[in-house]
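J.: sequence isn't available, so here's the structure alone:
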């Protein structure tokens, strides 16, 4: 068929995309008495525990498929959150199958689950127990992706850099001033009790240098991404932030961070602290059930503290 694309199938054999079974599903998280739980379904035909999912109907989009299947199998209605990892495998009929997953935010109404021959029960399990109970290893990767979205993100504005007026080279190459270097070292102490799994930065020198001391102290690499650059559209940066697992520190610019914080606030995230974005400051974005739940402003570290005692 014209327009078909070959992809790797079982054992590397090429398979046309048009021959791959499209399916989609969702992961739902909730917190009860401080415990993070997820919703699994039991399929009597296979006697397995998995996430709600199913095949697309005709030309139905993957997004619509995910919402429909979650509602049909669990009774939960909701809206799509960030997309998670996809899984690929061969189904019982020997066909290559790809399942896309999204985090689902429930609408808050009581689910209307009714057991049938496909799904006879649903179970809320602690995510740790769920990881042990899932029948397929591929589903554990999906769960890991979802729980990563419950960890915080830290939006750091780069420390004080040379002014544009006094810097005669490319703007992306502007370095930190002496004061900015002290701020960068101060960030290390400010994050002393905050776990981090990743550090991301705009490609500019001033952003990378701001988080390099923190990266060295944690034994992490600074990963540069274009979506933290100053000219990134707000919608692109926001989508990337919402789908980023944490805990992670992100260093960016005055042109990016205010739009991110204001956009999250417009979506209902409460803010603590002034609407400020000083150089070297941080907005801590806390997330619960996979979605931003609070933003807190952390002022810049005191730059008068010397680098060494």
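T.: Yep, that arrived. Every value quoted in this text rests on a predicted model; they were computed, and no experiment measured them.
J.: CA atoms for contacts and neighbours, from now on please.
T.: OK.
J.: residues contacting residue 225?
T.: 200-203 (C-alpha atoms under 8 Å, 6 or more residues apart in numbering).
J.: how far away is it from residue 199?
T.: Look at residue 225 and residue 199: by C-alpha to C-alpha, to the nearest Å, they are 10 Å apart.
J.: with residue 139 instead?
T.: Taking C-alpha to C-alpha as the measure, residue 139 and residue 199 are separated by 26 Å.
J.: give me the more crowded residue out of these two.
T.: With neighbours defined as other C-alpha atoms under 10 Å, residue 139 and residue 199 compare such that residue 199 has more, 24 against 19.
J.: mind checking the SS state of the more buried one?
T.: Following DSSP: H, G, I helix; E, B strand; the rest coil, we place residue 199 in the strand state.
J.: for the closest residue to it other than its chain neighbours, give the beta-bridge partners.
T.: Distances taken as C-alpha to C-alpha, 6 or more residues apart in numbering place residue 249 nearest to residue 199, at 4.8 Å, with adjacent residues excluded. According to DSSP bridges, residue 154, residue 199 are recorded as the beta-bridge partners of residue 249.
J.: tell me who's in contact with residue 249.
T.: Contacts here follow C-alpha under 8 Å, 6+ apart; on that basis residue 249 touches 153-156, 196, 198-200.
J.: mind putting those residues in JSON lines, pLDDT and distance to residue 245 included?
T.: What follows is the contacts of residue 249, written out as JSON lines (pLDDT from 0 to 100; distance: C-alpha to C-alpha, whole Å):
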{"residue": "153", "pLDDT": "98", "distance to residue 245": "8"}
{"residue": "154", "pLDDT": "98", "distance to residue 245": "12"}
{"residue": "155", "pLDDT": "98", "distance to residue 245": "14"}
{"residue": "156", "pLDDT": "98", "distance to residue 245": "16"}
{"residue": "196", "pLDDT": "98", "distance to residue 245": "11"}
{"residue": "198", "pLDDT": "98", "distance to residue 245": "9"}
{"residue": "199", "pLDDT": "98", "distance to residue 245": "11"}
{"residue": "200", "pLDDT": "98", "distance to residue 245": "12"}
